[in-house]
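Asker: coordinates only, sequence not included:
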């Protein structure tokens with residue numbers, strides 16, 4: 001894929017699409033492309049994260065438990081795995097395994113921080129979007145809490 005193709009793929013992501021084109025160009029240029037064979041493990045549950053992975057082609061199974069049961073979710077091209085890991089360190093909540101020959105772009109948190117530091121408009125747009133997501137999540141939690149309290153009162 002060309003750099004422009006990579007930029008286009010990144011721009012389709014809800015948060016990354018908020019970044020200006022120059023910022024996306026830097027992220028795309030710094031991205032590391034990896035090719036996986038069927039059965040290759042991209043990362044394991046509990047490992048520390050240092051960025052995210054964007055599925056370019058193929059499919060990746062995401063499993064919460066390594067118990068032989070089918071995957072909890074299977075994702076394909078255009079899926080960003082580990083979006084929050086672009087902004088903060090956390091443990092991987094799932095194991096990611098390629099189900100077929102798969103190509104991914106590794107997006108490092110260190111690169112994202114550097115790019116956002118150089119692009120305050122992009123950083124502000126992402127911060128606003130994350131704040132909105134948190135507000136929505138908080139509202140959903142409040143609704144669930146109210147529903148649970150109503151059930152307990154009966």
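Answerer: Thanks, I have it. Because the structure is a prediction, the values reported are computed rather than measured.
Asker: contacting residues around the closest residue to residue 36 other than its chain neighbours?
Answerer: If the residues on either side of it in the chain are set aside, residue 36 comes closest to residue 98, at 3.8 Å by CB to CB, 6 or more residues apart in numbering. In short, each C-beta sits where N, CA and C put it, glycine included. Shown in contact with residue 98 (CB atoms under 8 Å, 6 or more residues apart in numbering): 36, 37, 38, 39, 40, 41, 42, 58, 59, 60, 61.
Asker: now do the fourth one against residue 28, distance only.
Answerer: Here the criterion is CB to CB, to the nearest Å. By it, residue 39 lies 28 Å from residue 28.
Asker: so residue 6 makes contact with residue 32?
Answerer: No. Counting by CB atoms under 8 Å, residue 6 does not reach residue 32; the two are 11.3 Å apart.
Asker: name the residues of stretch 118-136 that come out as buried.
Answerer: Residues 119, 122, 123, 125, 126 are the ones in stretch 118-136 that count as buried (16 or more other CB atoms under 10 Å).
Asker: residue 39 and residue 28: which has the busier surroundings?
Answerer: residue 28 (23 against 10; other CB atoms under 10 Å).
Asker: that one against residue 6, yeah?
Answerer: Yes. Between residue 28 and residue 6 there is a contact under CB under 8 Å: 3.9 Å.
Asker: on that earlier part again, which among the contacts of residue 98 count as buried?
Answerer: If we count by 16+ other CB under 10 Å, those have these buried: 36, 42, 58, 59, 60, 61.
Asker: just the ones of those residues in strands?
Answerer: Cross-referencing the buried ones among the contacts of residue 98 against strands under DSSP state E gives 36, 42, 60, 61.
Asker: if the third one is in a bridge, with which residues?
Answerer: It stands for residue 60. Beta-bridge pairing for residue 60 (DSSP bridges): residue 75, residue 98.
Asker: that one: what's it in contact with?
Answerer: Neighbours of residue 60 in contact, by CB under 8 Å, 6+ apart: 42, 53, 74-76, 79, 81, 96-99, 102, 104.
Asker: please report how far it lies from residue 50.
Answerer: Distance from residue 60 to residue 50, by CB to CB: 18 Å.
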